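[1] please work out how this folds:
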Amino acid sequence: MGMNAEEFWLMPIGLFFDLWTCHKQWHGIEKPRRTRTIDDIIPPGI
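    Numbering: from 1, shown residues only. Prediction:
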């Protein structure tokens, strides 16, 4: 994923899992659990 061994071992495990999931989604191995747009988060009329 473009990092050396020291960077890998010093990162928190949660960050690694987040980066790994992004990597798999980027390469089409995994689909996002849910897809959201800005309209889903900010209601119309604001």
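[2] when you work out contacts or count neighbours from here on, use the C-alpha atoms and nothing else.
    OK.
[3] quickly find the element holding residue 23.
    helix 13-26 (DSSP states H and E).
[4] pLDDT weak spots in the protein?
    1 (pLDDT under 70).
[5] about what we covered before: tell me the helix or strand right after the helix holding residue 23.
    That would be, after helix 13-26 and using DSSP H and E, helix 38-41.
[6] show me how far that next one is from its chain's centre.
    18 Å (Cα atoms, centre = their mean, to the nearest Å).
[7] which residues does the helix holding residue 23 contact?
    Contacting residues not belonging to helix 13-26 are listed as 1, 8, 30-32 [Cα atoms under 8 Å, 6 or more residues apart in numbering].
[8] now render those as a markdown table, adding neighbour count and distance to residue 43.
    As requested, the contacts of helix 13-26 are exported to a markdown table (neighbours: other Cα atoms under 10 Å; distance: Cα to Cα, whole Å):
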| residue | neighbour count | distance to residue 43 |
| --- | --- | --- |
| 1 | 8 | 37 |
| 8 | 14 | 40 |
| 30 | 12 | 29 |
| 31 | 13 | 25 |
| 32 | 12 | 22 |
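[9] format these as CSV; extra columns: distance to residue 15.
    Converted to CSV, the contacts of helix 13-26 look like this (distance: Cα to Cα, whole Å):
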residue, distance to residue 15
1, 13
8, 10
30, 18
31, 19
32, 17
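[10] which one of these sits closest to residue 40?
    Checking these against residue 40 with Cα to Cα, the nearest one is residue 32 at 15.7 Å.
[11] what residues are up against the closest one?
    residue 25.
[12] where's it relative to residue 21, distance?
    Distance, residue 32 to residue 21, using Cα to Cα, to the nearest Å: 9 Å.
[13] now swap in residue 13 and tell me
    12 Å.
[14] how many residues are close by residue 15?
    11 (other Cα atoms under 10 Å).
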